[in-house]
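**Student:** the sequence and its predicted three-dimensional model are supplied below.
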Amino acid sequence: MKANRSQIEKALDAPSPDIRLLLLYGPDEAGSAALAKRLERAMGPQAERIDLDGATLRSDPARLADEAASLSMFGDRRWVRVDGAGEESVAAVEALLSAPQAGNPVLLVAGAIKGTSKLAKLGLANPAALAFASYAPDEREAGQIAIGQARDLGLRLGPDLARRIAEACGNDRALMAGEIEKLALYLDAAPDHPAEATAEAFAALSAEMIEADVGPLVNAVLGGDVDGLHRELAMLHASATPLAAITRPLLGRAMLLGRIQAEFEECGSMERALESAGRAIFWKEKGAVNRQLRLWPADSIARLVHHLLEAERATRGSGGAGDVIVRHQLLTIARQAARSR
């Protein structure tokens, strides 16, 4: 069955034996990961967790139903988690949903699969399953998410600063969590001694202070212009601009492409999907965004975001190793786009 956010949160917080499968999918992988944490908390630290993947289910489709019906060796609660699932998992999910009994909740985390895929259709149609698609939050939702993340770390975050952090991170939950964690450490905040987040502290830590124009580099990477990417990287190096300055704009553009592709799937018109983005697309960038949408269909956005998150994490490292990883990830993305041209 298709679930709204309230329904999937309730099902994850209090698993029911009537629901055998909890399917989380969509382009916002960080959103799916955050939801998956709710089931982990609900099951408790003593629960036995069985980890499977798509390749395992492809080679042994009966495994999922068997694990869902098995008892824990130690008498504790038991649950099954499948990561990286796709169409190869369809036979295993069919076996699970048609089995005489199950008992243990099964959480299946997929990427940006389409709502018309066989896997999504199984989760959406069967009354013993709940399926929920995570999309990047809008500006209002992202601000509220940032405030909640800060509260958990003992950081008081005002709405204006929350929106600023969300915008700087392209409304990506994982990136917001990283920025807020850095703020909490900087301000020595903790749940037992909270602190007030300030714009000055965020500015001191943020790569927003760098005023380099990275638009051409964003378009080179996502447009498959490998030679242009090399030129832009050389210019950044010559100006001593850290690579941390480019990962956020790239992630922001990737999330924008994901939102437009999701809207396209809903309405069937790319023109209307582009219009729905509104002011998120600067008028001078509309042509580049349109070309990038042809190079990055919905089912490739999750891989794109994964590479960019790896690049963003590498910027937090020290020394030249992080820069090497960032350059490698950017070249990987640009070459993938070039092959799709």
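**Tutor:** Yep, that arrived. Residues are numbered from 1 along each chain as shown.
**Student:** tell me where the stretch 201-341 of the chain has strands.
**Tutor:** Under the criterion DSSP state E, counting those that start in this stretch, strands are not mapped anywhere in the stretch 201-341 of the chain.
**Student:** so where's the chain shaky on pLDDT?
**Tutor:** Regions of the chain meeting the criterion pLDDT under 70 cover residues 73-75, 204, 206-213, 279-280, 282, 316-321.
**Student:** list the buried residues in the helix ranked longest in it.
**Tutor:** Secondary structure of the chain per DSSP state H: the longest helix is helix 244-267. Neighbour counts over helix 244-267 (16 or more other C-beta atoms under 10 Å) mark 244-264 as buried. Where C-beta positions appear, they are placed from N, C-alpha and C, glycine not excepted.
**Student:** same check on stretch 64-84?
**Tutor:** 64-65, 67-68, 77-83.
**Student:** show me which pair in those residues is furthest apart.
**Tutor:** Checked with C-beta to C-beta, the buried residues of stretch 64-84 reach their widest spread between R77 and D83, with 19.8 Å between them.
**Student:** hmm, who's touching stretch 64-76?
**Tutor:** Identification of contacts with stretch 64-76 by C-beta atoms under 8 Å, 6 or more residues apart in numbering yields 20, 46-48, 50, 52, 57, 78, 80, 82, 89, 92-93, 95-96, 99, 101-106.
**Student:** buried subset of those residues as a ChimeraX selection?
**Tutor:** Written as a ChimeraX command, the selection of buried residues from the contacts of stretch 64-76, which uses 16+ other C-beta under 10 Å, is:
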select :20,47,48,50,52,57,78,80,82,89,92,93,95,96,99,102,104,105,106
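**Student:** so which of the contacts of stretch 64-76 sit within strands?
**Tutor:** If you go by DSSP state E, those have 48, 50, 52, 78, 80, 82, 106 in strands.
**Student:** report the two of the residues you listed separated the most.
**Tutor:** Across these, the longest distance by C-beta to C-beta is 15.4 Å; it joins E48 and V82.
**Student:** please report how far the residue lying closest to N171 once chain neighbours are set aside lies from E87.
**Tutor:** Of all residues not flanking N171 in the chain, A142 sits nearest, at 4.0 Å (C-beta to C-beta, 6 or more residues apart in numbering). With distances taken as C-beta to C-beta, to the nearest Å, A142 is found 31 Å from E87.
**Student:** cool, L331 as well?
**Tutor:** Taken as C-beta to C-beta, the span from L331 to E87 is 29 Å.
**Student:** kindly report the same for A244.
**Tutor:** With distances taken as C-beta to C-beta, A244 is found 37 Å from E87.
**Student:** same question, R140
**Tutor:** In this structure, R140 lies at 35 Å from E87, with C-beta to C-beta as the measure.
**Student:** for E67, same thing?
**Tutor:** From E67 across to E87, the span is 20 Å (C-beta to C-beta).
**Student:** can you show me the strands along the stretch 1-150 of the chain?
**Tutor:** For the stretch 1-150 of the chain, applying DSSP E, counting those that start in this stretch gives strands covering 21-25, 48-53, 78-85, 106-110, 129-133.
**Student:** partner strands of the first one and their direction?
**Tutor:** Counting by DSSP bridges, the strands paired with strand 21-25 are strand 106-110 (parallel), strand 129-133 (parallel).
**Student:** which one of those strands lies closest to A238?
**Tutor:** strand 106-110 (42.3 Å).
**Student:** which other residues reach the closest one?
**Tutor:** Outside strand 106-110, the residues within contact range by C-beta under 8 Å, 6+ apart are 12, 20-25, 32-33, 36, 39, 64, 67-68, 79-86, 89, 93, 96, 119-120, 123.
**Student:** switch the cut-off to 7 Å
**Tutor:** Contact with strand 106-110 is made by 20-25, 32, 36, 39, 64, 68, 79-83, 85-86, 89, 96, 119, as judged by C-beta atoms under 7 Å, 6 or more residues apart in numbering.
**Student:** what do you get for stretch 121-138?
**Tutor:** Under the criterion C-beta under 7 Å, 6+ apart, external residues in contact with stretch 121-138 comprise 1-3, 7-8, 11, 18-28, 31-32, 35, 90, 93-94, 97, 115, 120, 145, 171-172, 255, 258-259, 262.
**Student:** buried ones among these?
**Tutor:** Neighbour counting with 16+ other C-beta under 10 Å marks 3, 8, 11, 19-28, 31-32, 35, 90, 93-94, 97, 115, 120, 145, 171-172, 255, 258-259, 262 as buried within these.
**Student:** give me the helices and strands touching the longest helix of the chain, please.
**Tutor:** Here helix 244-267 is seen to pack against helix 215-223, helix 270-277, helix 286-295, helix 298-314 when contacts are counted using 3 or more C-beta pairs under 7 Å, 6 or more residues apart in numbering; DSSP states H and E.
**Student:** A162: which of those is closest?
**Tutor:** Each of the helices and strands packed on helix 244-267 was scored for nearness to A162 using C-beta to C-beta, and the closest is helix 298-314 (19.6 Å).
**Student:** determine the set of other helices and strands touching the closest one.
**Tutor:** Looks like helix 298-314 contacts helix 244-267, helix 320-339 (3+ C-beta pairs under 7 Å, 6+ apart).
**Student:** could I get those as a markdown table with distance to E181?
**Tutor:** Below are the helices and strands packed on helix 298-314 laid out as a markdown table (distance: least, C-beta to C-beta, whole Å):
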| stretch | distance to E181 |
| --- | --- |
| helix 244-267 | 15 |
| helix 320-339 | 18 |
